[in-house]
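>>> Please work out how this folds:
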Amino acid sequence: MKRFLAVGFLPAVVALSLFGAEQTWTGEISDDMCGNNHGKMGAMGKNAKDCTAGCVKAGSKYVLVSHGKVFKIENQGLKDLAMHAGMPMKITGELSKDGQSVKVSKIEPTSMKK
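Residues are numbered from 1 along each chain as shown. The predicted structure follows:
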């Protein structure tokens, strides 16, 4: 019985520990209006960077788009967000407990293929 509890308990502890630990994603800094599709907002700019800048200026929030999933970015005031918006990036940060948002600690360029 003790072994059964230990085997069942261990995966839960490992899963919970992932939420507080820093993780790394490859993706693009976008905005919550466009997400992973800037085509629908063509008037905001000719490319993803200009579109994201225009949408954020109009009130949207920055998001991280990674492998089709859109994560909210908790620390919107991070200066690197605007500088790297619309470009392939490697983002390091902490995933929220609900798995829906990221607190970004580091943004680096990457050669991610689209």
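
>>> Can you tell me the centre-most residue of this protein?
Geometric centre of the chain, nearest residue: residue 64, 2.7 Å, by C-alpha atoms, centre = their mean.

>>> Partner strands of whichever strand or helix holds that residue and their direction?
In this assignment (DSSP states H and E), residue 64 forms part of strand 62-66. Sheet pairing of strand 62-66 (DSSP bridges) gives strand 22-31 (antiparallel), strand 69-73 (antiparallel).

>>> List of residues touching the first one?
Read that as strand 22-31. 36, 38, 48, 51-52, 55-56, 60-67, 70-71, 73, 81, 84-95, 102, 105, 107, 110, 112 (C-beta atoms under 8 Å, 6 or more residues apart in numbering). The C-beta positions use only the backbone N, C-alpha and C, and glycine is treated the same way.

>>> Keep only those of those that are in strands.
Taking DSSP state E, the ones among the contacts of strand 22-31 that sit in strands are 62-66, 70-71, 73, 88-95, 102, 105, 107.

>>> which among those residues end up buried?
62-66, 70-71, 73, 88-89, 91, 93-95, 102, 107 (16 or more other C-beta atoms under 10 Å).

>>> Show the contacting residues for the residue lying closest to residue 81 once chain neighbours are set aside.
Leaving out its chain neighbours, the residue that sits closest to residue 81 by C-beta to C-beta, 6 or more residues apart in numbering is residue 62, at 4.7 Å. Contact analysis of residue 62 by C-beta under 8 Å, 6+ apart lists 29-32, 52, 56, 73, 76, 81, 85.

>>> Just the buried ones among those residues, please.
If we count by 16+ other C-beta under 10 Å, the contacts of residue 62 have these buried: 29-31, 52, 56, 73, 81, 85.
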